[in-house]
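# with the input below, show me the fold.
(chains A, B, C and D)
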Protein chains: 2
Amino acid sequence: MGQGMSKSNNVYKDAYNRCLRLLDETRSLPSEPELGALLGVSRTTVRSILARMEETGLIAWNKRAKTVLRDPRPDDFFPEEETDTLAEIIERSFMRRLLAGGAEAGMQINELELAREIGVGTTSVREFLIRFSRFGLIEKRRNSHWVLKGFTRAFALELTEIREMFELRSAAAFAALPPDSPVWGDLDRLEEEHRVLQREIATRFNAFSELDERLHRLIHRASHNRFIVDFYDVIAMIFHYHYQWNKAQERERNEVAIGEHLAYIEALKSRDLGKVDAACRKHLKSARQTLLTSIPESRPSQKS
Amino acid sequence: MGQGMSKSNNVYKDAYNRCLRLLDETRSLPSEPELGALLGVSRTTVRSILARMEETGLIAWNKRAKTVLRDPRPDDFFPEEETDTLAEIIERSFMRRLLAGGAEAGMQINELELAREIGVGTTSVREFLIRFSRFGLIEKRRNSHWVLKGFTRAFALELTEIREMFELRSAAAFAALPPDSPVWGDLDRLEEEHRVLQREIATRFNAFSELDERLHRLIHRASHNRFIVDFYDVIAMIFHYHYQWNKAQERERNEVAIGEHLAYIEALKSRDLGKVDAACRKHLKSARQTLLTSIPESRPSQKS
DNA sequence: TTAATGTCTTTTATCGTGAAAAAACAGTTT
DNA sequence: AAACTGTTTTTTCACGATAAAAGACATTAA
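Residues are numbered from 1 along each chain as shown, chains lettered A, B, ... in the order given. Model prediction:
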C-alpha cells in the first residue's frame, strides 16, 4: 500500500475531520475564507471539503448558504491514519526503529532501505533526515550514508546542559517582564490548569506532558531569542518519545513534576530572581534525573 | 546550461584537481585505497582519476605501477567552478540575493523561482532551504512558502547572545583541561600562526578569518557538547559572508582581533578562570560590535 | 596470507513529472 | 465598496528514474 501515488491528500482529510466536529456546534457554516482561516487551509481545500459534505448529505450548499442537514456519524470521518503527514509517518517509523533496540551507536542509516521499509519515496526520507539531523542524533558523512550517534547517556547530558543554560536565562528574563505583560495572564491560566490536574491526578496523569510543554515554551519565549525558542523543539521531541517509552512510575513522576511546576510558577510570580533561579534549578535537576534513569547504560565509548 | 543533467561529477573533478597537486611531489602514486583515503573519495572515483591521467599522458598506469610522466600544466586542471557542490552553488546564489539588498524581512521565498533562477531542480533547493533553516534566517509556513526573517540587528543580537554563553562556557572548560591534553599543542601552534600573521599583517590580513574560525572551533570543542559545537556552524556561516561583504577597515579590525586572540590564548594558557573570562568577554564584545556596525539599521519592526 | 587490482552491485544525488494545495484573478452578491 | 463565490494559475510535495559515487565481492599479485 501507499506506492505509486504522487501526493496524499492528508491536508484535506484532516481538515475535513476537523470541519465535521465544527458541524455539531452550528446550524450553518461561515464563508469559505473564514472556514479556511479557522481550519488553517486554503480556500481550495475548503471547497473540496464542502463539496464532499454536500455529496454525503451533511450540508446543503448553495453559494453562501451552507446549511447543516444532519449530525456527522462516526463513519463520516476519515480514518485517523490517513490524516497524518508523510513527515509524521516517517518520524514515527524512524523513532520506533531507534527506540526498539538494536540501534547501536555508530550504525549506519540507509536512505533507500528506510524508504522501502516505510513505503515512501527516497526524497521524503532524505528531507526528513536533514530536518531530523538538528536534533543531534544522526550525522551525515559527505557523499555517503548517515551515521546514528545513538540515544545515549552522553546525548542526554549534552541536551540537558543546554536546556539548563537556556531555561535559567529565560526564566530570569520572564521574571523581569513588566507587570502589564500578557504573559502573566498566560501564567495564571497555566497555574490554574496545574491545580485542576493536581486534583484529578489519579485519572488524568498522562495529560501532564502537554501542560509541561506549554509552560516551558511560555518561559522560553521570554528570552526573545529564536535560538533558545527553537532549541525547545529538540527537548520537546526527546521528551515526547521518552514519555511514550518510559511508563515506569509515570503517575508519581508527574505528580512530583506538577508540584515543582507550581513552585516554579510561584517563584516567577514573586519576581524574585533568587527564588526563580532556585525553583528552576530544582525542577530541571529532577527532569534530567528522570531522563537519565530511562537510558540504558552502555559500555563507555572511546573518545576519539 | 546545466539543465537536463542528472548529477554533476564535481566530486571527481575536485579530487582530480587535488590529485594533480600531489603529482608535483612524487615520482609515483600510491595504491588505489591509499589514494582514496588521501583524497577522501571512493576507489571508484580514484580509478576514474587515474584513467584520465593515463589518457592525458600524465602518468603511465599498469596495475600497481603508476609512474608520473610529466608535471601537470595549468590546462590539466578542471575549472574551479566545475568543482563546486550543488549545495555550495545554491548557498552562494541565495546569500548573494539576500545580501544584495532588496531582501526585506517578511518577504516570501519561492522554491520554484529560486530553482529556475539558479538553474537547478526544485529538490535541491528544498533540501538547501531545510538545511539552511537552522541558521534562523528563514522559516517555513506549513504547506506553504518560506518566509525570510532577515539579516537584522535583532538576528545579530540573538546570535551573539548565544555565542557568548557558549564560548564563555567552552573557554572555562578548555582552561580546566589537563596539561597532557593534546589541545595545548594545538593552541601553541595556533598562537605561533597568530604571531606570524601579526608580523605579515600588511600583506596577508585577509588570512585572518580562517585562523579565527580554527581558534574558536578548538575552544568550542572543549565543551564536549555537540549542540555547542554545532552552533559554531551558524556563527561561521554568518561571519563568512560578513567578511566578504563588509571590507571597511578590514586590516585594522583584523589587527585588533589578532591582538585580542593572543591575549585570549595567553589567558587560556594561564588556566586562570578569571583571566580567561575577561579575555573572552573582551574579544566577543568587539566581535559583536564589528558585526553590529555592518548591519544597516532598519525601521524598528512591531512586536507581534 | 595480506593487500592490492578488477568487476559488479548498491546507494546517493539530482532531475523531470504530476497530483494536492495554495494563491491569484475575475466575476457576483450584499 | 467590501466581501463573497467561481475559475485559473502557480507552487509545493512526493514519486520514479538515472548518472555519479560508494561499497562489496572476486580475483590476482607480492
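
# pLDDT value on the closest residue to DNA strand C within the stretch 101-250 of chain A, please?
With Cβ to the nearest atom of the strand, the shortest gap between the stretch 101-250 of chain A and DNA strand C falls at A:Glu111, namely 3.3 Å. (Glycine included, C-beta is placed from N, CA and C.) Looking at A:Glu111, its pLDDT is 98.

# give me the neighbour count for it.
16 (other Cβ atoms under 10 Å in any protein chain shown).

# likewise A:Val125?
For A:Val125, using other Cβ under 10 Å, the count is 24.

# element containing it?
A:Val125 is located in helix A:122-132, with elements delineated by DSSP states H and E.

# and that helix, what does it pack against?
The contact analysis (3 or more Cβ pairs under 8 Å, 6 or more residues apart in numbering or on different chains; DSSP states H and E) places helix A:122-132 against helix A:86-99, helix A:111-118, strand A:138-140, helix B:122-132.

# looking at those, spot the one closest to A:Asn206.
When those are compared by Cβ to Cβ, helix A:86-99 sits nearest A:Asn206, at 18.2 Å.

# what about the closest one and DNA strand C, touching?
No - using Cβ under 7 Å from any atom of the strand, we find that helix A:86-99 stays clear of DNA strand C, coming within 10.4 Å at best.

# quick one on the thing from earlier: thought the residue of the stretch 101-250 of chain A closest to DNA strand C was touching A:Thr122?
Yes - A:Glu111 lies in contact with A:Thr122 (Cβ atoms under 8 Å); the separation is 5.5 Å.

# and chain A, which residues reach DNA strand C?
A:6-12, A:41-45, A:48, A:63-64, A:109-113, A:122-123, A:126, A:142-146.

# when you check DNA strand D, which of those residues turn up near it?
A:6-8, A:43-44, A:63-64, A:122-123, A:143-145.

# what subset of the residues of chain A next to DNA strand C is buried?
Buried subset of the residues of chain A next to DNA strand C (neighbour count, 16 or more other Cβ atoms under 10 Å in any protein chain shown): A:8, A:10-12, A:41-42, A:45, A:48, A:109, A:111, A:126, A:146.

# in helices, which of those residues fall?
Among those, the members found in helices (DSSP state H) are A:10-12, A:45, A:48, A:111, A:126.

# need the max-distance pair from those.
Within these, A:Ser48 and A:Glu111 form the most distant pair, 32.9 Å apart (Cβ to Cβ).

# hmm, the longest helix seen in chain A touching chain B?
In chain A, ranked by residue count with DSSP H as the criterion, the top helix is helix A:153-175. Yes - under the criterion of Cβ under 8 Å from any Cβ of the partner chain, chain B is reached by helix A:153-175 at A:155, A:158-159, A:161-162, A:165, A:169.

# what residues sit buried inside that helix?
A:154-156, A:158-167, A:169-175.

# for whatever helix or strand comes next after that helix, packing partners?
Using DSSP H and E, the helix or strand that follows helix A:153-175 in sequence is helix A:183-199. Packing partners of helix A:183-199 (3+ Cβ pairs under 8 Å, 6+ apart): helix A:208-221, helix A:250-270.

# and the contacts of the helix or strand following helix A:183-199?
Using DSSP H and E, the helix or strand that follows helix A:183-199 towards the C-terminus is helix A:201-204. Helix A:201-204 is contacted from outside by A:197, A:251, A:254-255, A:258, using Cβ atoms under 8 Å, 6 or more residues apart in numbering or on different chains.

# for those, pick the one with the most neighbours.
Most surrounded of the contacts of helix A:201-204: other Cβ under 10 Å gives A:Asn254, at 24 neighbours.

# which residues touch that one?
With contacts taken as Cβ under 8 Å, 6+ apart, A:Asn254 has the following neighbours: A:201, A:205-206, A:208.
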